[in-house]
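Engineer: One predicted model, sequence on top.
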Amino acid sequence: MAGPWKDARGIIVTTTPTIEGQPIQQYLGIVTGEVIVGANIFRDLFANIRDIVGGRSGSYERILAEAREQAIQELQAECGARGGNAVVGVDLDYEVIGDTGSMLMVSASGTAVRI
């Protein structure tokens, strides 16, 4: 990531353990955001065709980007609720879940801080 993300409330999100030039005043604990999205049968069908003929699956990439953004927004909301204005050390994880692997979980976790 080129630089920290910031939401409308000004809550900074970064994968680094610190924010350059911004000393951490208070640690507020671990915060998380999770999003689970289900696969759509028609999207799966077209993605399978794309896999056979080659190329990228734009529909899956869009769903993945939306899920990642939602998980980060949840992380920022939890940080704000704790009185923080930044989340450091953010880790993004992706996991296929469900009996048939038909769902995708995107989770974001980090440490809420006040800078």
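Structural biologist: Sure, I can see it. Residues are numbered from 1 along each chain as shown.

Engineer: Just confirm residue 87 is within a helix.
Structural biologist: No - counting by DSSP: H, G, I helix; E, B strand; the rest coil, residue 87 is not found in a helix; it is strand.

Engineer: list the contacts for it?
Structural biologist: Contacts for residue 87 (C-beta atoms under 8 Å, 6 or more residues apart in numbering) come out as 11, 12, 13, 14, 31, 75, 76, 79, 110, 111, 112, 113. Where you see a C-beta, it was placed from the backbone N, CA and C, and this is true even at glycine.

Engineer: try it again with 7 Å
Structural biologist: Contact analysis of residue 87 by C-beta atoms under 7 Å, 6 or more residues apart in numbering lists 11, 13, 31, 75, 76, 79, 110, 111, 112.

Engineer: Need the buried ones from these selected in ChimeraX.
Structural biologist: Listed next is the ChimeraX selection for buried residues among these, using 16 or more other C-beta atoms under 10 Å:
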select :11,13,31,75,76,79,110,111,112
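
Engineer: Same list (the contacts of residue 87) but as a markdown table, adding pLDDT and secondary structure.
Structural biologist: As requested, these are exported to a markdown table (pLDDT from 0 to 100; DSSP: H, G, I helix; E, B strand; the rest coil):
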| residue | pLDDT | secondary structure |
| --- | --- | --- |
| 11 | 95 | coil |
| 13 | 95 | strand |
| 31 | 98 | strand |
| 75 | 95 | helix |
| 76 | 96 | helix |
| 79 | 97 | helix |
| 110 | 98 | strand |
| 111 | 98 | strand |
| 112 | 98 | strand |
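
Engineer: Out of the contacts of residue 87, which comes closest to residue 38?
Structural biologist: residue 75 (21.6 Å; C-beta to C-beta).

Engineer: Make a markdown table out of the contacts of residue 87 and add distance to residue 98.
Structural biologist: Formatted as a markdown table, these follow (distance: C-beta to C-beta, whole Å):
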| residue | distance to residue 98 |
| --- | --- |
| 11 | 32 |
| 13 | 28 |
| 31 | 26 |
| 75 | 23 |
| 76 | 27 |
| 79 | 29 |
| 110 | 26 |
| 111 | 30 |
| 112 | 30 |
